[in-house]
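Colleague: sharing a sequence plus its predicted fold:
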Amino acid sequence: MSDLRKLNIDGTEYEVPADYTLMQACEEAAGAEIPRFCYHERLSVAGNCRMCLVEWVGAPKPQASCALQVKDLRPNRDGTPANIRTNSETVKKAREGVMEFLLINHPLDCPICDQGGECDLQDQAMAYGRDGSRFEENKRAVDDKFMGPLVNTVMTRCIQCTRCVRFVTEVAGVEEIGLASRGEDAEITTYLEQSLTSELSGNVIDLCPVGALTSKPYAFNARPWELDKVESVDVMDAVGSNIRIDSRGGAVLRIMPVVNDAVNEEWISDKTRFVWDGLARQRLDQPYIREGGKLRPAGWDEALKLAAEKLSGEPETIAAIAGDLCDAESMKALMDLMRNLGVKSTDCRQDGSKLGGVRQSYLFNSTIDGIEAADAVLIIGSNPRLEAPLVNTRLRKAWIAGGMDIGLIGETADLTYEFEHLGTNPSDIEAFMKSTKGFAKAFKAAKNPAIIVGQTALARADGAQILRAIGALAAKVGAVRADWNGLNILHDAAARVGGLDMGFTPAVDGLSTHEILDAAEQGAVKTVYLLGADELDASKLKNAFVIYQGSHGDAGAHVADVILPGAAYTEKDGLYVNLEGRVQMGTRAVSPKGDAKEDWAIVRALSGHLNRELPYDNLAQLRETLFADHPTFAGLGYAPGAEGAAEFDVAKIGAAGKMKTKAFENSGVDFYMTNPIARSSNVMAECSEVQSNSVKEAAE
């Protein structure tokens with residue numbers, strides 16, 4: 001426990017940790033309210049807005065409470081604790097003076113500013129400001145800056161709090177924003193007026209306290225008090241970021257982060273934040289049937305009847321594949337139906353990864369916040385910056401703190417932190433096991449070594465053999481023990497862990513995704529049910545009858561013979577399991593489009609047409625069945641971490657055999673185009689174009 005010091009705050013004596021800032025002491029111990037603009041809990045202290053002034057009795061002037069630590073406060077000469085006042089007349093006058101200075105050049109933009117209604121400057125001007133100004137000179141004006149397709153700038157509003165500068169430098173890890181010049185000429189700007197390229201750049205919108213940086217896609221769409229707000233879970237990657245969905249009139253207008261220290265802290269990726277315009281485009285809003293090579297609208301009964309007819313054949317000729325955005329309830333309903341029909345060929349691993357079996361063999365076992373406790377991390381076949389940006393920020397956070405060494409086997413990339421590149425081939429894993437130099441020495445001596453394995457390494461033909469080699473390495477260095485499990489599989493699909501948890505994998509003698517596609521091409525599999533599955537080679541399905549259930553007209557719908565329109569993730573209640581095994585609940589924010597239905601309900605209706613009615617009539621009954629069959633789904637919000645690590649034989653994961661010599665290659669998938677919703681988004685398309693142009697310019 002840290003050293004405690006006594007403080008007198010507003011007439012009452014408190015004991016507070018010596019390493020607290022004065023602001024923390026006043027707020028947490030005494031419950032005082034300290035205004036601030038530049039200070040942020042997750043960024044370094046700048047101390048430049050001066051709004052957090054408090055009075056230290058005996059000091060010649062008010063003190064900035066964010067930049068003064070409790071251990072630096074000397075007791076009074078008579079031995080009594082330092083006397084701090086947060087609400088005295090001196091403090092009130094000082095804050096009014098600071099606010100007056102801040103408003104000297106601030107424009108009267110409130111009626112047309114997107115920050116209006118949720119603006120720190122508005123709120124604090126009302127609470128701590130004066131009702132007039134003594135400044136009569138002309139206000140200064142600052143040219144707006146170009147920051148790309150996501151961030152809109154009105155730089156005359158800027159108060160130089162530097163939150164955006166500190167965020168992109170410290171958290172995002174790209175030095176793309178800076179404070180140029182000094183004094184009256186100081187301006188926040190991007191270097192060389194370039195677009196922001198970070199996949200986390202949208203977070204500066206939330207950080208800006210005054211409306212200088214606002215959302216460009218959301219500009220002038222709505223006022224905050226007009227919006228219906230629902231807390232939910234993101235499905236753009238497997239992190240399961242906690243989000244708030246803001247909607248009006250049945251349309252999603254904004255997605256913002258919700259604080260969850262165990263998962264995403266208070267950040268979200270740009271894809272999570274700005275993909276919302278894709279929810280209204282390329283939508284499947286009624287059933288379709290293909291006749292004469294063309295799709296025609298149909299009624300639900302007609303479409304379900306035809307689907308049921310095609311699913312009534314021999315079980316060996318039927319297969320089902322679940323996509324990356326599916327909720328657990330819809331996968332459970334489809335799996336129950338397929339098993340009821342005797343179908344063995346079911347798979348949720350669209351990319352063909354060789355995962356399954358013991359739960360610890362496919363989870364991010366260290367947990368997202370727990371990875372910060374690792375002192376050495378080996379990344380194999382992964383680019384966490386693009387596959388899971390919020391995991392990457394945790395790695396950077398620990399690396400900045402100075403307690404983490406990082407190594408990489410695989411294709412090199414800018415990961416926003418320093419690492420030792422150890423090779424690109426699977427054979428380099430075995431070479432690393434024998435090495436005693438550099439990072440290998442640090443890794444083997446580490447107290448909490450961790451291995452992060454990407455899907456690039458596991459979706460290969462020799463993925464199971466690579467997993468076995470990684471398991472042998474983990475066992476050798478003691479990465480798995482009773483109090484620590486350092487084996488971490490980095491998933492990139494929101495539905496993957498939930499599908500593996502419920503066994504949405506081939507039954508005995510069943511076919512995996514790639515085998516299903518090959519069998520369909522050869523005519524052995526005659527009917528394929530795609531539950532939102534679009535990240536596969538749809539050209540191999542031309543000889544099969546394809547039933548596609550999903551929300552967007554993407555790859556699966558293009559080859560479908562029957563289309564059953566489902567709901568997007570913002571339009572249904574559903575359970576999602578993130579990469580660390582944490583079950584979280586998504587909440588319906590708006591209604592499904594047109595005649596679209598919730599996915600589990602479509603499968604339930606189809607079971608009636610097949611005379612194989614599933615034993616649940618509503619979502620509550622379905623969840624009861626899910627919890628009974630797979631108890632892990634009942635542990636809402638719980639990540640197992642190292643639980644069961646003592647019994648987990650990490651050396652036996654995967655399969656024995658020889659690894660191929662082919663090098664690990666990052667998937668090559670565009671970060672902004674990884675799923676049907678993102679591919680339907682104009683904003684994501686613009687981001688993708690900007691990103692590709694910046695890569696070309698860098699190459700030139």
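Modeller: On my side now, so go ahead.

Colleague: where in the stretch 601-700 of the chain is pLDDT low?
Modeller: Applying pLDDT under 70 to the stretch 601-700 of the chain flags the ranges 667-668, 695, 697-700.

Colleague: send the alpha carbons of the top helix by length along the chain over as PDB?
Modeller: If you go by DSSP state H, the chain has its longest helix at helix 682-699. The C-alpha trace of helix 682-699 is given here as PDB (Å, rounded to 0.1, in the frame of the first residue of the first chain):
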ATOM      1  CA  ASN A 682     -19.500   5.500 -47.800                       C
ATOM      2  CA  VAL A 683     -17.500   6.800 -44.900                       C
ATOM      3  CA  MET A 684     -15.500   3.500 -44.700                       C
ATOM      4  CA  ALA A 685     -15.000   3.600 -48.500                       C
ATOM      5  CA  GLU A 686     -13.500   7.100 -48.200                       C
ATOM      6  CA  CYS A 687     -11.300   6.100 -45.300                       C
ATOM      7  CA  SER A 688     -10.100   3.100 -47.300                       C
ATOM      8  CA  GLU A 689      -9.200   5.400 -50.300                       C
ATOM      9  CA  VAL A 690      -7.300   7.800 -48.100                       C
ATOM     10  CA  GLN A 691      -5.400   5.000 -46.400                       C
ATOM     11  CA  SER A 692      -4.400   3.400 -49.800                       C
ATOM     12  CA  ASN A 693      -3.300   6.800 -51.100                       C
ATOM     13  CA  SER A 694      -1.200   7.500 -48.000                       C
ATOM     14  CA  VAL A 695       0.400   4.000 -48.400                       C
ATOM     15  CA  LYS A 696       1.200   4.800 -52.100                       C
ATOM     16  CA  GLU A 697       2.700   8.200 -51.200                       C
ATOM     17  CA  ALA A 698       4.900   6.600 -48.500                       C
ATOM     18  CA  ALA A 699       6.100   3.900 -51.000                       C
END
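
Colleague: could I get the buried residue list for it?
Modeller: Residues of helix 682-699 classed as buried by neighbour count (16 or more other C-beta atoms under 10 Å): 683-688, 690-691. Where you see a C-beta, it was placed from the backbone N, CA and C, and this is true even at glycine.

Colleague: I'd like those as a markdown table, with distance to V603 appended.
Modeller: Listed next are those as a markdown table, based on distance: C-beta to C-beta, whole Å:
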| residue | distance to V603 |
| --- | --- |
| V683 | 32 |
| M684 | 29 |
| A685 | 32 |
| E686 | 36 |
| C687 | 34 |
| S688 | 33 |
| V690 | 40 |
| Q691 | 37 |
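
Colleague: hmm, L311 is touching L341, no?
Modeller: Yes - L311 sits in contact with L341 when judged by C-beta atoms under 8 Å, with a separation of 6.4 Å.

Colleague: of these two, who's got more company?
Modeller: L311 (23 against 17; other C-beta atoms under 10 Å).

Colleague: what's near enough to touch that one?
Modeller: 318, 341, 527, 529, 547, 606, 610 (C-beta atoms under 8 Å, 6 or more residues apart in numbering).

Colleague: what do you get for Q455?
Modeller: 351, 353, 381-382, 387, 490-492, 667.

Colleague: any idea how far it is from T346?
Modeller: Q455 sits 20 Å away from T346, taking C-beta to C-beta, to the nearest Å as the criterion.

Colleague: and if you look at V165?
Modeller: Distance of V165 to T346, given as C-beta to C-beta: 50 Å.

Colleague: one more: A431?
Modeller: 38 Å.

Colleague: how far does stretch 7-14 sit from its chain's centre?
Modeller: Counting by C-alpha atoms, centre = their mean, to the nearest Å, stretch 7-14 is centred 42 Å from the centre of its parent chain.

Colleague: quick one: end-to-end distance for that stretch.
Modeller: 5 Å (C-alpha to C-alpha, to the nearest Å).

Colleague: cool, and stretch 449-465?
Modeller: Its start and end residues considered, stretch 449-465 measures 21 Å (C-alpha to C-alpha).

Colleague: any buried residues in it, and which?
Modeller: 449-460, 462-465.

Colleague: what about L325, how many neighbours?
Modeller: 27.

Colleague: which SSE is it in?
Modeller: L325 belongs to no helix or strand when elements are defined using DSSP states H and E.

Colleague: which ones are touching the most centrally placed residue in the chain?
Modeller: Residue closest to the mean C-alpha point of the chain, counted by C-alpha atoms, centre = their mean, is S241 at 4.2 Å. Neighbouring residues of S241 by C-beta under 8 Å, 6+ apart: 233-234, 257, 260, 263-264, 267-269, 272, 390.

Colleague: what about the strands in the stretch 51-200 of the chain?
Modeller: 53-56, 63-64, 82-85, 151-153, 177-180, 187-190 (DSSP state E, counting those that start in this stretch).

Colleague: for A442, which of these is the nearest?
Modeller: Closest of those to A442 is strand 177-180, at 33.3 Å (criterion: C-beta to C-beta).

Colleague: partner strands of the closest one, with direction?
Modeller: Strand 177-180 sits in its sheet next to strand 187-190 (antiparallel), going by DSSP bridges.

Colleague: list the buried residues of the strand it pairs with.
Modeller: By 16+ other C-beta under 10 Å, the buried positions in strand 187-190 come out as 188-190.

Colleague: with stretch 353-364 instead?
Modeller: 353-356, 359-364.

Colleague: re earlier: could you dump the buried residues of strand 187-190 into TSV and include pLDDT and distance to D509?
Modeller: Output for the buried residues of strand 187-190, formatted as TSV (pLDDT from 0 to 100; distance: C-beta to C-beta, whole Å):
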residue	pLDDT	distance to D509
I188	90	62
T189	89	63
T190	87	58
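
Colleague: which of those residues lies at the shortest distance from D143?
Modeller: Nearest to D143 among the buried residues of strand 187-190: T189, at 9.1 Å, using C-beta to C-beta.

Colleague: returning to what we had before: in helices, which of the contacts of S241 appear?
Modeller: The helices, defined by DSSP H, take in 272, 390 from these.

Colleague: so which of the contacts of S241 comes closest to N8?
Modeller: Using C-beta to C-beta, the contacts of S241 come closest to N8 at N260, 35.9 Å.

Colleague: show me the contacts for the closest residue to that closest one other than its chain neighbours.
Modeller: Nearest residue to N260 in three dimensions, chain neighbours excluded: N242, at 4.2 Å (C-beta to C-beta, 6 or more residues apart in numbering). By C-beta under 8 Å, 6+ apart, the contact list for N242 reads 231-234, 257-260, 263-264, 584.

Colleague: what residues are bridge-paired with N242?
Modeller: V233.

Colleague: where's it relative to L536, distance?
Modeller: Distance check for N242 against L536: by C-beta to C-beta, it reads 29 Å.

Colleague: what helix or strand is K6 on?
Modeller: If you go by DSSP H and E, K6 is part of strand 4-9.

Colleague: now the angle from the very next helix or strand once past that strand to strand 4-9?
Modeller: The helix or strand immediately downstream of strand 4-9 is strand 12-17, counting by DSSP H and E. Put simply, strand 12-17 runs at 150 degrees to strand 4-9, going by axes from the mean of the first three to the mean of the last three C-alpha atoms, to 10 degrees.

Colleague: name every strand pairing with strand 12-17 and say which way it goes.
Modeller: strand 4-9 (antiparallel).

Colleague: before we move on, the earlier item: ok, and what's touching the longest helix of the chain?
Modeller: Identification of contacts with helix 682-699 by C-beta under 8 Å, 6+ apart yields 148-150, 194-195, 197, 217, 270-271, 274-275, 277-278, 281, 670-673, 678-679.

Colleague: which of those count as buried?
Modeller: Buried among those by 16+ other C-beta under 10 Å: 148-150, 195, 197, 217, 270-271, 274-275, 277-278, 670-672, 678-679.

Colleague: and A493, what does it touch?
Modeller: By C-beta under 8 Å, 6+ apart, the contact set of A493 is 237-238, 324-325, 350-351.

Colleague: that one and L284: what is the separation?
Modeller: Distance check for A493 against L284: by C-beta to C-beta, it reads 20 Å.

Colleague: alright, calling it a day.
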